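[1] I'd like to go over a predicted model; first the sequence, then the structure.
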Amino acid sequence: MARENIANPFTAYTWFAEAGWVFAVHSAQLWAGPARASARLTALGAEKQKAFADGAMKVGTAVMCGASPDTVAKVAMAPARRCVWANERKIRKG
């Protein structure tokens, strides 16, 4: 019997590709402007720390509410995905 709501297996890979692209562009920007690299690296690190902390808090809530493992994984990655997508939009705008 076929399962309903089978997720697209390429969804995770597209997100990894987007994250890799954003990382590569940030790396190029840091290499091109070394005078601002320290402040930019600090901002990027703080942004990732906040995203992972938000994800951890939401995972705790989801687990205590009895969410399925699939839902817990989605909740855990949601803040990091939003962060990558926001960075991608900023980069594309210039």
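    Right, received. Where do you want to start?
[2] In the chain, where's the longest helix?
    Counting residues, the longest helix in the chain under DSSP state H turns out to be helix 37-64.
[3] which helices and strands sit right next to that helix?
    If contacts are counted by 3 or more CB pairs under 8 Å, 6 or more residues apart in numbering; DSSP states H and E, helix 37-64 sits against helix 11-32, helix 69-93. In short, each C-beta sits where N, CA and C put it, glycine included.
[4] Can you flag the weakest of those by average pLDDT?
    Of all the helices and strands packed on helix 37-64, the minimum mean pLDDT falls on helix 11-32 (a mean of 85).
[5] What lies in contact with that helix?
    Outside helix 11-32, the residues that touch it by CB atoms under 8 Å, 6 or more residues apart in numbering are 37, 40, 41, 44, 81, 84, 85, 87, 88, 91.
[6] can you check stretch 76-89 too?
    Identification of contacts with stretch 76-89 by CB under 8 Å, 6+ apart yields 15, 18-19, 21-22, 26, 47-48, 50-52, 54-56, 58-59.
[7] among the contacts of helix 11-32, who's most crowded?
    residue 84 (21 neighbours; other CB atoms under 10 Å).
[8] Excluding chain neighbours, give the residue nearest to that one in space.
    Leaving aside its sequence neighbours, residue 84 sits nearest to residue 19 (CB to CB, 6 or more residues apart in numbering; 4.9 Å).
[9] burial of that neighbour, as a residue count?
    17.
[10] now the one 10 residues further on
    Counted with other CB under 10 Å, the burial measure for residue 29 works out to 13 neighbours.
[11] can you check the one 3 residues further on too?
    When counting by other CB under 10 Å, one arrives at 9 neighbours for residue 32.
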